[in-house]
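> Got a predicted structure plus its sequence, pasted below:
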Amino acid sequence: MAVETHTENGVTTLTLDSPKNRNALSSVLVAELENGLRLATDDPDVRAIVLTHTGGTFCAGADLTEAGGSVESRTAQMLGLLRLIVETPKPVVGQIDGHVRAGGMGLVGACDIVVAGTAATFALTEARLGLAPSIISLTVLPRLDSRAASRYFLTGEKFGAHEAEAIGLISEASSDPGSTVADILSSLRQASPQGLAESKWLTTRAVVAEFDARGSELAAHSARLFASDEAREGMMAFLQKRPPGWALPNSGEK
């Protein structure tokens, strides 16, 4: 199992539990996460969903070692997962106490509320691999101010939880994310199922409209980039832990 599911006191917790590959978005993990989301959505006793993780990484993005399936099918699977999180009528709360990279940022953006520990780090590393945050832009861009989006989409720089809070990516940076999430869940338990569903619809309808308008285009864009020569070099360099062929040395000039 790559995703552990536990339901108690009106909350389903979905735990990404594949620490050996840094909870990368393998086809198995995505399928199990989708299944857990659907089961929680269909359970009338569940008021909220928590998305969390084991290990020091919340999610490292795409599983670059996975060879099975076509690029198109994997991009379509990711598009479907993000849309499912956004469209699920129950609030999805991210509880993060580790690193978030690339496609993992899409999961963060799709959650309704996100609390991150102060040791968490975030980065959109696609440009360093010859790629772009194509599909995940649907959930990440609505969260960020435009200057932050330009900087972090282009540079791939790493930033911390307090910066993530300041630019709108997460709801709160907390020294005790478990306690903070527990307080949030206490509030959600006081809301009616209809009240939660209709309130979430108000906050997500513009994002869903973007999925309708641009989802297929961005999935095709992502698939094209993954199949490109530069992306193949970037991913191979990453796996071999070496600089890609296009990387330029820093000159040291100010």
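Nice, thanks for sending it over. Residues are numbered from 1 along each chain as shown.

> Give me the contact list for the helix or strand encompassing residue 231.
Taking DSSP states H and E as the definition, residue 231 sits inside helix 229-240. Outside helix 229-240, the residues that touch it by Cβ atoms under 8 Å, 6 or more residues apart in numbering are 64, 65, 128, 129, 130, 131, 225, 243, 244, 245, 246. No exception for glycine: its C-beta is placed from N, CA and C like everyone else's.

> Mind checking which of those land in helices?
residue 225 (DSSP state H).

> related to what we said a few turns ago, pull out the buried residues from the helix holding residue 231.
Going by neighbour count (16 or more other Cβ atoms under 10 Å), the buried part of helix 229-240 is 231, 234, 235, 237.

> ok so, going back, select, from the contacts of helix 229-240, the two members most distant in space.
65 and 246 (22.0 Å; Cβ to Cβ).

> quick one on the thing from earlier: now do the same for the helix holding residue 231: mean pLDDT, whole number.
Model confidence over helix 229-240 averages 94 on the pLDDT scale.

> what about that helix, distance to the chain center?
22 Å (Cα atoms, centre = their mean, to the nearest Å).

> quick one: residue 172 from residue 135, how far?
26 Å (Cβ to Cβ, to the nearest Å).

> and these two? which has more neighbours close in?
More crowded of residue 172 and residue 135, by other Cβ atoms under 10 Å: residue 135, with 26 against 16.

> in a strand, that's where that one is, yeah?
No - counting by DSSP: H, G, I helix; E, B strand; the rest coil, residue 135 is not part of a strand but coil.

> What does the pLDDT read for it?
Note for residue 135: predicted pLDDT of 97.

> what do you get for residue 252?
So residue 252 comes in at 56 (pLDDT).

> now residue 36
At residue 36, pLDDT is 98.

> One more: the one 4 residues further on?
The per-residue pLDDT reported for residue 40 equals 98.

> and the host helix or strand of it, what does it pack onto?
Assigned by DSSP H and E, residue 40 belongs to helix 27-42. Judged by 3 or more Cβ pairs under 8 Å, 6 or more residues apart in numbering; DSSP states H and E, helix 27-42 is in contact with strand 3-8, strand 11-16, helix 71-87.

> Tell me which residue is most central in the protein.
residue 107 (2.0 Å; Cα atoms, centre = their mean).

> now that one: how far from residue 233?
27 Å.

> and what of residue 109?
28 Å.

> residue contacts, residue 115?
93-96, 170-174, 177, 180-181, 184.

> ok but it is inside a strand, no?
Yes - assigned with three-state DSSP, residue 115 falls within a strand.

> How about residue 175: what's its closest non-neighbour residue?
Leaving aside its chain neighbours, residue 175 sits nearest to residue 118 (5.5 Å; criterion: Cβ to Cβ, 6 or more residues apart in numbering).

> show me the contacts for residue 72.
219, 223.

> just the one 4 residues further on next, same as before
Contacts here follow Cβ under 8 Å, 6+ apart; on that basis residue 76 touches residue 219.

> Can you give me the pLDDT of it?
Residue 76 is given a pLDDT of 93.

> Same check on residue 72?
87.

> May I see the buried residues of helix 229-240 organised as a markdown table, with distance to residue 101 added?
Putting these into a markdown table (distance: Cβ to Cβ, whole Å) gives the following:
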| residue | distance to residue 101 |
| --- | --- |
| 231 | 16 |
| 234 | 14 |
| 235 | 13 |
| 237 | 16 |
